[in-house]
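**Q** return a 3D structure for these sequence lines:
(chains A and B)
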Amino acid sequence: MNSAGLNLVNAMKRFGDLAAVDGASLSMQSGEIVALLGPSGCGKTTTLRLIAGFEQLDAGSIEIAGTDIARLPPYRRDIGLVFQDYALFPHLTVAQNVNYGMVQRGVPKAEQERRRNELLRLARLEGLGERRPAALSGGQQQRVALARALAISPKLLLLDEPLSNLDAKLRETLRIELRDILRTVGTTTLVVTHDQTEAIGLADRIALMNKGRIVQIGTAREIYQEPATRFVAEFIGQSIWFSGHLKQGLDRAEFVSDDGIVLPVAPPTSVRPDVGLSIRPEHIHLPARPSDIGCIPATVTIIEFFGAELIVSCRLDSGRVIRIPVRSDESLPATGARVELGVAPERCRVIADG
Amino acid sequence: MRTSPSVMRASPTSMAADWAAGAMFRLLFAISVLFLVLPVIVSVVLSFDNRQFLGPFPPTQFSLRWYRGFFENPAYLDGLIVSLKLAVISTAISTVAGACAAYVLSLGRWPGRDTIEMLFLSPKFVPTVVIGFSMLGFASAIEVFDPFTRLIMGHVVITLPFTVRATLASLIGIRASLVEAAISLGAPPWRAFLDVTLPLARTGIVAGGLMAFVLSFDEVAVSLFLSDAFTQTLPIALVAEMRANLNLTVAAVSTVFAAVTILIVFFLDRAVGLDRVIGQGIYRG
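**A** Numbering: from 1, shown residues only, chains lettered A, B, ... in the order given. Below is the predicted model:
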């Protein structure tokens, strides 16, 4: 196995006044699949182009297998890149496309053919070698691009929004297929995406990026259960956010929201001044259970039926409406009823408002 | 907002108006085609006329006498050879220079880029008479007195806008990711240019070259200034002959001329057709 770990340290890239990548750090194990996830404009594409070598770092370093590659031109980096638009050479056949990188490296003809056949079989493209890219479906084009990038036995594979150009109906199937191929080859892979389903479905770990920085790295479950900031909590899944301040006693802590709600919380490990409270909607009990110490008074406004689940809209006394999922076999208050919403202290996360 | 369901029906008058407009459009189209094609047809038919004089159309007897006259007149033959040599050489220079200029212009935005592009395209808008006269003055200023060299200089200038334009159009159609893909696979930039940019721009370059060839082959005004009594292009020889003694050799020469031009346009069309096939590959998502 040729693949190696990646170590991105404090990468900086400015375009005029705009810091596109503002001190991003990311460490990947050999053979690991990581998704670089973030909203558009967060700097993830620039990060990918920095690693590929199409942009030059202003500061920081990029190490592959312990060697700094930041000064190497892109054609010497041995990084496989799958472009968002696949960028297949339209004037070459599928076989010539896959061969291209091996030809550049002077790989012997027989070895080229062996490797190409192996990859075309893996990407389920057997018998399509003589076709032009224009004669292939979107999914096939994507797999040609993948086979072409893997043909050079890259140390690292970069995928730029791999599924965004595909039909929504096909995406699910192709995501599973892509994941299977990536797992089989075992190449260290960084997937850049803005789609959390894509990130969760493809990657071992997710690196969340916002405003040019990587704000949290972890498995999907870790990030969901322990979001580091408000941005993370709201980007992955749903979050109900209260701004306010923390009142910390000796063995317990309370959060006082700006609209006057007081909730006991688990004492946070570090206290920053710019904190707020994040609660996942499914952790709110309707009505409050006896074990819930903190309660939020509210009025039920709308109940929507979605099969296994109901969404109950509740208006808080501040006028704010929150939507809470409830299992449809539970007994419910009627529309207009006054209720107490409950939440366990350990489900109340006091985190940075960033 | 709710809209009441209603069925749209065209009134008989509007349908009649549509029909009339359609018929009018076809009629105008037919008239334009006739205007374009008829004079050429008349000239082709006249070139086979057996009569000594310019008689009423259509001719009563046919022969190849005017073609014989064409091939027996050294002024025409010399002109044809000069024209072909000139067209081949100036097309070669213009295509290479135009492709290089277009490549630099396609690399992106830099200060003064639009001005330079305008400069390359400007010979299209300057009257050819002005270009011919200026080039004559310029050639004598740099002490170039050989008429053939002067002609090449003039023809390169007037054909350059077409080769630049055609190449630029095809270069802009090449997505940056294609070149980057080649580079990421291990090709140094010059190799990516040869393997990806050049083949994909080829049809544009060929189309520009053919256009340049036709333009140079048919050119009169610039050549009029830059040629002399011993080095004349075919169109110049034709004009001179027409002034001296108007006979139907002119029609025969025009026919040969038109035939060569049509042949070139045929190749041009094949090149453009090929462009479309490759274009699908480029733009397909």
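
**Q** and the chain, what are its domains?
**A** Picked chain A for this. A:6-230, A:238-352 (automatic domain parsing).

**Q** chain B was what I was after
**A** For chain B, the structural domains run B:14-46, B:66-283, going by automatic domain parsing.

**Q** can you give me the buried ones in the first one?
**A** Under the neighbour-count criterion of 16 or more other C-beta atoms under 10 Å in any protein chain shown, domain B:14-46 has B:Ser43, B:Leu46 buried. C-beta coordinates here come from the backbone N, C-alpha and C atoms, glycine included.

**Q** can you pull out the helices in the chain?
**A** With no chain named, the answer covers chain A. A:44-52, A:94-104, A:109-122, A:138-150, A:168-185, A:196-202, A:220-225, A:230-235 (DSSP state H).

**Q** the chain in question should be chain B.
**A** With DSSP H, the ranges of helices along chain B come out as B:12-46, B:65-72, B:74-106, B:113-121, B:128-141, B:147-172, B:176-184, B:189-192, B:198-218, B:221-226, B:234-244, B:249-283.

**Q** of all the ones you listed, which one is nearest chain A?
**A** With respect to chain A, and counting by C-beta to the nearest C-beta, the nearest of those is helix B:249-283 at 2.6 Å.

**Q** point out where chain B drops to low pLDDT.
**A** Applying pLDDT under 70 to chain B flags residues B:1-10, B:268, B:271-285.

**Q** residues contacting B:Val265?
**A** Applying C-beta atoms under 8 Å, 6 or more residues apart in numbering or on different chains, we find B:Val265 in contact with B:Leu210, B:Val214.

**Q** what's the most buried one of the domains of chain A?
**A** domain A:6-230 (a mean of 19; mean count of other C-beta atoms under 10 Å in any protein chain shown).

**Q** got the contact list for the residue nearest the centre of chain B?
**A** Here the mean C-alpha position of chain B is nearest to the C-alpha of B:Met211 (C-alpha atoms, centre = their mean), at a distance of 3.3 Å. When contacts are counted by C-beta under 8 Å, 6+ apart, B:Met211 touches B:Thr159, B:Phe162, B:Thr163, B:Ala166, B:Leu268.

**Q** hang on, isn't the fourth one packed against B:Ile205?
**A** Yes: B:Ala166 sits in contact with B:Ile205 when judged by C-beta atoms under 8 Å, with a separation of 7.2 Å.

**Q** those two - which one has more neighbours?
**A** Neighbour comparison, B:Ala166 and B:Ile205: the larger count goes to B:Ala166, with 29 against 21 (by other C-beta atoms under 10 Å in any protein chain shown).

**Q** can you tell me the closest non-neighbouring residue to the more buried one?
**A** If the residues on either side of it in the chain are set aside, B:Ala166 comes closest to B:Gly208, at 3.2 Å by C-beta to C-beta, 6 or more residues apart in numbering or on different chains.

**Q** CA atoms of the lengthiest strand in chain A as PDB?
**A** Using DSSP state E to define each element, chain A has its longest strand at strand A:294-306. Taking C-alpha atoms only, strand A:294-306 is exported to PDB below (Å, rounded to 0.1, in the frame of the first residue of the first chain):
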ATOM      1  CA  GLY A 294     -35.300  22.300  34.700                       C
ATOM      2  CA  CYS A 295     -38.600  23.200  33.000                       C
ATOM      3  CA  ILE A 296     -39.700  25.500  30.300                       C
ATOM      4  CA  PRO A 297     -43.300  26.700  30.300                       C
ATOM      5  CA  ALA A 298     -44.900  26.800  26.800                       C
ATOM      6  CA  THR A 299     -48.200  26.600  24.900                       C
ATOM      7  CA  VAL A 300     -48.900  24.000  22.300                       C
ATOM      8  CA  THR A 301     -49.700  25.700  18.900                       C
ATOM      9  CA  ILE A 302     -49.600  23.100  16.200                       C
ATOM     10  CA  ILE A 303     -49.400  19.300  16.100                       C
ATOM     11  CA  GLU A 304     -48.200  17.800  12.700                       C
ATOM     12  CA  PHE A 305     -48.500  14.100  12.000                       C
ATOM     13  CA  PHE A 306     -45.600  12.400  10.100                       C
END
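
**Q** that one pairs with which strands, parallel or anti?
**A** Partner strands and pairing direction for strand A:294-306 (DSSP bridges) are strand A:309-316 (antiparallel), strand A:338-343 (antiparallel).

**Q** what's the nearest residue in the stretch 251-354 of chain A when you look at chain B?
**A** The nearest approach of the stretch 251-354 of chain A to chain B comes at A:Ile302, 23.6 Å away (C-beta to the nearest C-beta).

**Q** how many neighbours does B:Ile131 have?
**A** If you count neighbours by other C-beta under 10 Å, B:Ile131 ends up with 19.
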